[in-house]
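Need a 3D model of the following:
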Amino acid sequence: MDLLRSLPIGSYLEQPVTWLHKIDPRVKLVWLMTFLIAPLLSHSFWRLSLAASLILLTIVAGIPLRVWRKQMGWLLLLCFFMFLLSSVAPDSLAAKHNPRMPQFCPDVISQTSTPDNQSAEKPAECQSQLPQPTEYRYVYLDRPKFAFLPRLVVTRRSLDVAVRISTLIFTLIYSTSLYLLTTAPEEITAGLEDLMSPLRRLNLPISEITLTLTLSLRFIPLVLEEVQNLYRSVRTRAIDWKKLGIKRSAQLWLIVSEKLLENLLLRAEQIAVAMDVRGFTTPNEHRVQWHQLRLRWRDWLALGVLIPFWCARWLIGGMS
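So this is what the prediction gives:
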């Protein structure tokens, strides 16, 4: 198990340098917020298009397959299971939907004029004999309940909810991961500090906020490394979980969690001591310009694509 290689969440890809790396971090941040906001109040076709565009963007950018193959595979598997569970879940509508029956059906007319003891199967027979006026169906699948399987009902609303949930999870997680994969932490904080610079007039500690964000982004690989080391230490001891039982297994995992928290706090203390030894007191007194932010032609082109994108969002994406 190698979390840093199989699932590079929050890790920056230094090599190879793609054209996506060269775009200004402020422009990429605007596009990230676009991908997070665009699925809101849109129909299923637009959400599927956004998910497909993220996959296409990864391929076009030239990011190596080894970097995103496992991460996207696990994410697609998670979204697929969410789609299956949501599609067979109740659609939260209390109304019972039946197909429309023509008024000239003789069985329906006879049923309304006969006593209550008449057979109730005649309307269903009439529906099978006469075609429906349109191809509209609210219930796509209605599998009866078996001895060992529950009843499966897939409706239009449950299928729409399943598409919304699965695509929203994929867009939220993968767009953020792609942004962190192609943008260095120093570039992210420099871009955020430049975008939040007008808030300095409100006496907000912008430099302290960006410094905290830089340290948190640098701390994500350390967390994954500690989890990986603890997992390997437990695995090498060849513990027989069946003999331990549920109670002792829970106690063991509690000990491992305490050790993980202790190691993370120790890493944080070491970082604080290293900054203190170097005389780092406030970000304003120790400002280091890591990157010179300047918009080039490719950045203006990426910003210009936002105009037709949002026009297509309002014209094609629809409101729901």
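
When you work out contacts or count neighbours from here on, use the C-alpha atoms and nothing else.
OK.

so where's the stretch 201-320 of the chain shaky on pLDDT?
Scanning the stretch 201-320 of the chain for pLDDT under 70 picks out 281-291, 318-320.

change it to 90
Segments of the stretch 201-320 of the chain classed as low confidence (criterion: pLDDT under 90) are 201-299, 302, 310-320.

Tell me where it has helices.
Ranges of helices in the stretch 201-320 of the chain, per DSSP state H, counting those that start in this stretch, are 206-236, 241-277, 297-312.

what residues are up against residue 188?
Contact partners of residue 188, counting by C-alpha atoms under 8 Å, 6 or more residues apart in numbering, are 25-26.

if we go to 10 Å?
When contacts are counted by C-alpha atoms under 10 Å, 6 or more residues apart in numbering, residue 188 is found next to 24-26, 28-29, 179-180, 194, 210, 213-214, 217.

Residue 38: which of the helices of the stretch 201-320 of the chain is closest?
Shortest separation from residue 38 across the helices of the stretch 201-320 of the chain is recorded for helix 297-312, at 8.2 Å, computed as C-alpha to C-alpha.

contacts for that closest one?
The list of residues contacting helix 297-312 from outside it, by C-alpha under 10 Å, 6+ apart, reads 19-20, 22-28, 30-31, 34, 38, 46, 313, 315-318.

which regions of the stretch 1-150 of the chain sit below the pLDDT cut-off?
Along the stretch 1-150 of the chain, segments meeting pLDDT under 90 span 1-26, 38-47, 58-78, 82-150.

ok, which stretches of it are helices?
Counting by DSSP H, counting those that start in this stretch, the stretch 1-150 of the chain has these helices, from start to end: 3-6, 25-37, 44-60, 65-87, 106-113, 122-129.

Between the ones you listed, which one is closest to residue 155.
For those, the distance to residue 155 is smallest for helix 65-87, at 7.7 Å, taking C-alpha to C-alpha.

re the thing from before, out of the helices of the stretch 1-150 of the chain, which gets nearest to residue 160?
Between residue 160 and the helices of the stretch 1-150 of the chain, the shortest gap by C-alpha to C-alpha is with helix 44-60, which sits at 6.6 Å.

list the helices and strands the closest one packs on?
The elements that helix 44-60 packs onto, with contact taken as 3 or more C-alpha pairs under 10 Å, 6 or more residues apart in numbering; DSSP states H and E, are helix 25-37, helix 65-87, helix 156-182.

contacts for that helix?
Taking contacts as C-alpha under 10 Å, 6+ apart, the residues outside helix 44-60 that touch it are 18-20, 35-36, 38-41, 63-65, 68, 72, 159-172, 174-175, 178, 312-313, 316-318, 320.

Drop anything exposed from the residues you listed.
By neighbour count, with 16 or more other C-alpha atoms under 10 Å, those hold 18, 20, 35-36, 38-39, 63, 68, 72, 159-172, 174-175, 178, 313, 317 as buried.

rewinding a little: mind putting the helices and strands packed on helix 44-60 in JSON lines, distance to residue 53 included?
Conversion of these to JSON lines gives the following (distance: least, C-alpha to C-alpha, whole Å):
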{"stretch": "helix 25-37", "distance to residue 53": "10"}
{"stretch": "helix 65-87", "distance to residue 53": "14"}
{"stretch": "helix 156-182", "distance to residue 53": "10"}
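
and residue 235, which of those helices is closest to it?
For those, the distance to residue 235 is smallest for helix 65-87, at 21.9 Å, taking C-alpha to C-alpha.

by contact count, what packs against that closest one?
With contacts defined as 3+ C-alpha pairs under 10 Å, 6+ apart, the secondary structure elements packing on helix 65-87 are helix 3-6, helix 44-60, strand 152-155, helix 156-182.

mind listing what's buried in it?
Taking 16+ other C-alpha under 10 Å as the neighbour-count basis, helix 65-87 is seen to contain the buried residues 68, 71-72, 75-76, 79-80, 82-83, 86-87.

Looking at the helices of the stretch 1-150 of the chain, which is nearest to residue 254?
With C-alpha to C-alpha, the closest approach to residue 254 among the helices of the stretch 1-150 of the chain belongs to helix 3-6: 21.0 Å.
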